[in-house]
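Asks: quick one, what's the 3D model for this:
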Amino acid sequence: MRWKTAEYSGWGRVLKATGDIARPEKMAALRELWKDVKAPAIGNLRSYGDAALNDKGRAVDMTRLDRLVTFDAKTGLLTAEAGITIGEITRTFAPKGWIPAVLPGTGFATLAGCIANDVHGKNHKAGSFGQHVTNIELLGANGRVRNITPGENTDLFRATCGGLGQTGLILSATIQLIPTPSGVMEVRESRIDSLSEFMAMLEGSTAEYCVGWIDAAVNGEGLGRGVLEEGEISTHAPDIALKKSKSIPKDAPRFLLASPVVRLFNHFYQRRVPSEGRKVKRPMQDFFFPLDRVHDWNKLYGKPGFHQFQCALPDATAREALTRMLELIADSKQASPLAVLKRMGAGRAGMMSFPMEGFTLAVDFPNRPKAAQLIGELEEIATHAGGRLYLAKDALARPDIIAAMYDELEDFAKIANDVDPKGLLVTDMVRRLKLRDAG
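Replies: Got it, this is the predicted structure:
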């Protein structure tokens, strides 16, 4: 197996790593490699910070291990290799009447990446991705392959879901797909004028899928305004062709995300929806993966890259915390147009899984000198509110903040250290946040 030295980064392009990467094309090649070298796995690098980085070390690129293994058309149980993307699964099986139960915001996330980060979707009642995984084929640091399930290997399974690859390499997994009557979404778009209205609409929505775009650049009377999208899978609509994808060929100039430009864009983006709302039909992939049609959209933030702050907040403290956060963000004049507010359900599959019942706010910030300070203030608000930060998006948090947010961290660290006592699978994020020191 050849190793190639390369520089790579998370999707935010702020944190980078340089090291040797191997890219096996078959499981046999991976197993042969594993006899001599143990290293963390990487996928399509869609986590934003350093969750998948191993600077000055080695990493195993799993993206060519992307084959479908088995599918039961009666039950919807699918077994596939780790490197297949969630978008490819959706494209393949939606015409057959099945889709993954939980879909993240990008179809470029790999199956193993969805498990390792226990991703969530727009249907908060369905819980997290890992709750729909019935089996994981896990290659341990000791060279042993184990099939783990939520019932028979509960602790190891819960340390693997949301565990950032610290318990072993996910070779394949079996997931429960859900029936879908079509590949078309019927979407109700509503213009929202305040944070109170937004939260009430999210809480009261009966739609299967629900997500909100929020204008994070405005303060005062317009605080929390935005657009709510409520989606249901159509039972009768004919397929709608996806529009041709576009690409960002080079890094955008800095002025593109200057505060006056962002405020103007946000104003017209909200106003495109009539005051009385409207109904539209959209291809399923366009609804679930709206930014995937713009390849390399992270280049819009320019060469310095960007940070995303995403937190989950419990119901009891969410209103006060969100108000304070949005006020700080608007006053800072640093927000980009990409900001999302969603309702989140209680379900999560792992010890280090992000979801909690309440609300989640995600906001992108261009990587500028004041961004880190602002995000630090937002993290403190989330901590005092009893919330959590999403490790798949983090690049700046401190170890003490994460320890305060994740009450099963010690249990997770003990299991990870038991199955990988030499720390062969440790990544930059695990080192930065000291995620395995507690065990």
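Asks: which residues does E377 contact?
Replies: L328 (C-beta atoms under 8 Å, 6 or more residues apart in numbering). In this view, the C-beta of every residue, glycine as well, is placed from N, C-alpha and C.
Asks: and it, which of the three is it?
Replies: Classification of E377 by DSSP: H, G, I helix; E, B strand; the rest coil places it in helix.
Asks: look up how far I401 lies from it.
Replies: Separation of E377 from I401 (C-beta to C-beta, to the nearest Å): 12 Å.
Asks: for T180, see how far away the residue nearest to A73 when sequence neighbours are not counted is.
Replies: Excluding its sequence neighbours, the residue lying closest to A73 (C-beta to C-beta, 6 or more residues apart in numbering) is K96, at 7.1 Å. The gap separating K96 from T180 is 9 Å, by C-beta to C-beta.
Asks: mind listing the helices for this protein?
Replies: 27-36, 86-93, 111-116, 154-160, 195-204, 259-271, 284-288, 315-332, 371-384, 399-405, 409-419, 428-433 (DSSP state H).
Asks: can you tell me which residues contact L65?
Replies: Counted by C-beta under 8 Å, 6+ apart, L65 has contacts P24, E25, K26, M27, L30, E81, A82, G83, L171.
Asks: swap that for E320, please
Replies: Contact analysis of E320 by C-beta under 8 Å, 6+ apart lists A385.
Asks: return the distance of it relative to L195.
Replies: Here E320 is placed at a distance of 11 Å from L195 (C-beta to C-beta).
Asks: please apply the same query to D437.
Replies: D437 is 38 Å from L195, by C-beta to C-beta.
Asks: neighbour count winner among the two?
Replies: More crowded of D437 and L195, by other C-beta atoms under 10 Å: L195, with 19 against 14.
Asks: go ahead and confirm the more buried one touches R324.
Replies: No. At 11.0 Å, L195 does not count as touching R324 under the criterion of C-beta atoms under 8 Å.
Asks: how far does stretch 152-159 sit from the chain's center?
Replies: How far stretch 152-159 lies from its chain's middle: 22 Å, per C-alpha atoms, centre = their mean, to the nearest Å.
Asks: with only the CA atoms kept, save that stretch in CSV.
Replies: This file holds the C-alpha atoms of stretch 152-159, laid out as CSV (Å, rounded to 0.1, in the frame of the first residue of the first chain):
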residue,chain,number,x,y,z
GLU,A,152,-25.3,-6.9,22.3
ASN,A,153,-22.3,-4.5,22.6
THR,A,154,-24.2,-1.5,24.0
ASP,A,155,-21.3,0.4,25.6
LEU,A,156,-19.0,0.0,22.6
PHE,A,157,-21.8,0.8,20.2
ARG,A,158,-22.6,4.0,22.1
ALA,A,159,-18.9,5.0,22.2
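Asks: quick one: mean pLDDT for that stretch?
Replies: Stretch 152-159 comes out with an average pLDDT of 96.
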